[in-house]
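**Student:** I would like to see how this sequence folds:
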Amino acid sequence: MREMIGRTTRVTVKFKGKKAKIKKHPSSHRFHWEEDITEKETEEMTEEMREFETGATRGSDDNKPDYEGFFSSLVFKRYGEYMNKHRVQANGEIRDSDNWQKGIPISAYIKSWWRHFIDVWSMWRRIERPQPGVMELKEWSDESLEIISEALCAALFNNMGMLHEVEKERKSRA
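**Tutor:** As a prediction, the model looks like this:
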């Protein structure tokens, strides 16, 4: 629950099973406890704030996932192209882009994943390399790069599908 008292924000929170009221004045970067919470709990609950040149403030993002840094726009772009290409079904109809999210059995994903993993691995093993284990992509033909790119996208599809099903199951148990 949040309420404004003048320029001060008062928030009621539940922390480690305790209900507490905290308040924050806009000129301050920290919340102040109105109820008896230990200093250690205060440190755990208090979030560092960032203040921008404009005066806008946001909580620290130090412990939050950095999705922009974790993912590659090159990979997402290529994967999107792969997915769009494979929307055309055997009967010529185009499936919805999120069709796979309706649910595919894990057994279908894992069998397909293994086929595509073997494709990638086989390419890796066949390539002549200057040193064992060293692969120079600049020496690959355009056709080989296209083939391995397709196989990696297919494996990624199966990884994402399996993870999607696992996360749906986890959420259903929460």
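
**Student:** so which residues of the protein form helices?
**Tutor:** 39-45, 67-70, 73-85, 106-126, 142-173 (DSSP state H).

**Student:** so which of these is nearest I94?
**Tutor:** Proximity to I94 (CB to CB) singles out helix 73-85 among the helices of the chain, at 9.4 Å. Placement of C-beta: from N, CA and C, glycine included.

**Student:** relative orientation of that closest one and helix 142-173 in degrees?
**Tutor:** 90 degrees (axes from the mean of the first three to the mean of the last three CA atoms, to 10 degrees).

**Student:** CA atoms of helix 73-85 as PDB?
**Tutor:** Output of helix 73-85 as PDB, limited to C-alpha atoms (Å, rounded to 0.1, in the frame of the first residue of the first chain):
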ATOM      1  CA  SER A  73      20.800  -8.500 -31.300                       C
ATOM      2  CA  LEU A  74      22.600 -10.400 -34.100                       C
ATOM      3  CA  VAL A  75      21.400 -13.700 -32.700                       C
ATOM      4  CA  PHE A  76      17.800 -12.500 -32.100                       C
ATOM      5  CA  LYS A  77      17.600 -11.000 -35.600                       C
ATOM      6  CA  ARG A  78      18.900 -14.200 -37.200                       C
ATOM      7  CA  TYR A  79      16.700 -16.400 -35.000                       C
ATOM      8  CA  GLY A  80      13.600 -14.300 -36.000                       C
ATOM      9  CA  GLU A  81      14.500 -14.700 -39.700                       C
ATOM     10  CA  TYR A  82      14.800 -18.500 -39.100                       C
ATOM     11  CA  MET A  83      11.500 -18.600 -37.300                       C
ATOM     12  CA  ASN A  84       9.700 -16.600 -39.900                       C
ATOM     13  CA  LYS A  85      11.100 -18.800 -42.700                       C
END
